[in-house]
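**Student:** with the input below, show me the fold.
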Amino acid sequence: MGRKRERASGFGLLPRMEARPHASSDKVTYRYHPIGAKPINLGQDKRAAIQKVLDLNGASNDAGTIEELWRTYQTMPQWKRLGERTKEDYAKYSVPLLAVMGKVSARLVRPADIARYLRVERADAPVRANREVALLSNLMTVAVERGDIDVNPCKQVKRNLERLRTEAPEPESFAAFIAWLTAQGSQRQVIALMAEFAAMAGSRRIEFLHLTLPQIDSIAGEIRTTRAKQHGGSTRVESISITPKMEDLVRRLRALPRPDTCLHVFTTRDGNPYTDTGFASTWQRSMAKALEEKVITRRFTFRDLRAYYTTQHKAQYGELPELHADVKTTARVYDRSRVSERKGLS
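**Tutor:** Reported below is the predicted structural model:
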């Protein structure tokens, strides 16, 4: 028996488009049949499917523009391989980028235009501009691969100079901040424990924000987390040894109040794990209050605690921790040692 004929879903489609109603639901999948090639799945959104066909045939009124490249990039395999945090960041970077260059054809973008974007259009945010141009470079690569342009103009322009942070909190200052934060209430106590964990384990916030109790194995003497930045498609697990000093931290983490069915270590008042935005907001308010009350004399970021860990690890063990595949990256980004030690000849 052939497919049930249903004509309404096919109204308004472009030539060589096909509407395929689902037999068991009211959903419809759209396909495009290019000449001499296999059908292309266009998804279930009719308007988006029509736009894709227009883009494929160069008939869209914005075909080849930066806006169209951004839409196309989000449907490609390289986008799907990105982490969720990176996708969120790219979405943020796209807003100012498209506001300035969205309607411009990729064929018309010159290296001089990109240099102007970096130095003039975004002169008030030079580091953020570098990230936005990195996204633009990805979009230009899409244009190169499909034959719209021959050369990626972003690769011919130097980025704005970025100055790496050179300081980490001193142990005395950090201890004073943690003691003050712990006394501010139950939720600030959770934030204090998260800061202690970052300073003692060296993990990125995203790597332990949703840490669960089973990941803390006191019998084996280790805490297992998943490295946030993965390369080559493989998943890398990090094993953090529980030192005698960390045993006390682990004890306090287990003692935090949480619902009986909750396995997350760091939770909000209602028993849910912290979101990245919620944590960042609480951290910023706490830091501003600590400065106002003169608990600390200088602001430090949560990311500085990873540098704190690196610097203290080097001081205690005489070597840098394994935070990156290349130890030079760890040294350049996170080692904030103020004194370089070396032995003289005997």
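**Student:** so where's the protein uncertain?
**Tutor:** Scanning the chain for pLDDT under 70 picks out 1-11, 58-61, 229-234.
**Student:** ok, residue 44 touching residue 28?
**Tutor:** Yes - applying Cβ atoms under 8 Å as the test, residue 44 and residue 28 come out as touching, 6.3 Å apart. The way it works is simple: take the backbone N, C-alpha and C, and place the C-beta from them, glycine included.
**Student:** residues in contact with residue 115?
**Tutor:** Contacts for residue 115 (Cβ atoms under 8 Å, 6 or more residues apart in numbering) come out as residue 157.
**Student:** so it versus residue 168, what's the distance?
**Tutor:** 34 Å (Cβ to Cβ, to the nearest Å).
**Student:** go on, residue 337?
**Tutor:** Residue 337 sits 9 Å away from residue 168, going by Cβ to Cβ.
**Student:** ditto for residue 34
**Tutor:** 57 Å.
**Student:** over to residue 55?
**Tutor:** 48 Å.
**Student:** neighbour-wise, which of these two wins?
**Tutor:** When neighbours are counted by other Cβ atoms under 10 Å, residue 55 and residue 168 differ, and residue 168 comes out ahead with 25 against 18.
**Student:** could I get the full set of helices for the stretch 101-250 of the chain?
**Tutor:** Taking DSSP state H, counting those that start in this stretch as the test, the helices found in the stretch 101-250 of the chain are 111-116, 126-145, 171-182, 186-201, 205-208, 244-254.
**Student:** ok, which of these comes nearest residue 345?
**Tutor:** helix 171-182 (32.6 Å; Cβ to Cβ).
**Student:** may I see the buried residues of that closest one?
**Tutor:** Buried residues in helix 171-182, counting neighbours by 16 or more other Cβ atoms under 10 Å, are found at 173-174, 176-178, 180-182.
**Student:** want to throw those into CSV with distance to residue 145?
**Tutor:** Formatted as CSV, the buried residues of helix 171-182 follow (distance: Cβ to Cβ, whole Å):
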residue, distance to residue 145
173, 50
174, 48
176, 54
177, 49
178, 50
180, 54
181, 50
182, 53
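**Student:** now do the end-to-end distance for stretch 173-192.
**Tutor:** Terminal residues of stretch 173-192 are spaced 14 Å apart (Cα to Cα, to the nearest Å).
**Student:** do stretch 73-86 as well
**Tutor:** So stretch 73-86: terminal residues 14 Å apart, Cα to Cα.
**Student:** swap in stretch 263-277?
**Tutor:** Using Cα to Cα, the two ends of stretch 263-277 sit 21 Å apart.
**Student:** with stretch 162-170 instead?
**Tutor:** 24 Å.
**Student:** what does it contact?
**Tutor:** 126-127, 130, 177, 296, 298, 300-301, 304-305, 307-308, 310-311, 332-333, 336.
**Student:** go again with 7 Å.
**Tutor:** With contact meaning Cβ atoms under 7 Å, 6 or more residues apart in numbering, stretch 162-170 is reached by 127, 130, 300, 304, 307-308, 311, 333, 336.
**Student:** stretch 251-262 too?
**Tutor:** 190, 193, 264-265, 267, 271.
**Student:** tell me which of these is nearest to residue 81?
**Tutor:** Closest to residue 81, out of all of these and judged by Cβ to Cβ, is residue 264, at 27.2 Å.
**Student:** ok, back up a step: the more surrounded of residue 44 and residue 28?
**Tutor:** It is residue 28, of residue 44 and residue 28, that has more neighbours when counted by other Cβ under 10 Å, with 17 against 13.
**Student:** where does that one fall, phi/psi-wise?
**Tutor:** phi -130, psi 130 (degrees, to the nearest 10).
**Student:** coming back round to it: so which of the helices of the stretch 101-250 of the chain is the most surrounded?
**Tutor:** Of the helices of the stretch 101-250 of the chain, the one with the most neighbours on average (mean count of other Cβ atoms under 10 Å) is helix 186-201, at a mean of 20.
**Student:** centre of the chain versus it, how much separation?
**Tutor:** 21 Å (Cα atoms, centre = their mean, to the nearest Å).
**Student:** now do it against helix 244-254, angle only.
**Tutor:** For helix 186-201 against helix 244-254, the angle by axes from the mean of the first three to the mean of the last three Cα atoms, to 10 degrees is 150 degrees.
**Student:** helices and strands around helix 186-201, which ones?
**Tutor:** When contacts are defined as 3 or more Cβ pairs under 7 Å, 6 or more residues apart in numbering; DSSP states H and E, helix 186-201 sits against helix 171-182, helix 244-254, helix 276-292, helix 304-317.
**Student:** do you know which of those helices lies nearest residue 158?
**Tutor:** Nearest to residue 158, of the helices and strands packed on helix 186-201 and by Cβ to Cβ, is helix 304-317 at 26.2 Å.
**Student:** let me see the domain layout of this protein.
**Tutor:** Domain segmentation of the chain under automatic domain parsing yields 1-60, 61-163, 171-334.
**Student:** mind listing residues that contact stretch 216-232?
**Tutor:** Outside stretch 216-232, the residues touching it (Cβ under 7 Å, 6+ apart) are 201, 203-204, 206-208, 211, 215, 235-242, 250.
**Student:** hmm, try it at 8 Å
**Tutor:** Contacts of stretch 216-232 (Cβ under 8 Å, 6+ apart): 83, 85, 201, 203-204, 206-208, 211, 215, 235-242, 247, 250, 253-254, 265, 325.
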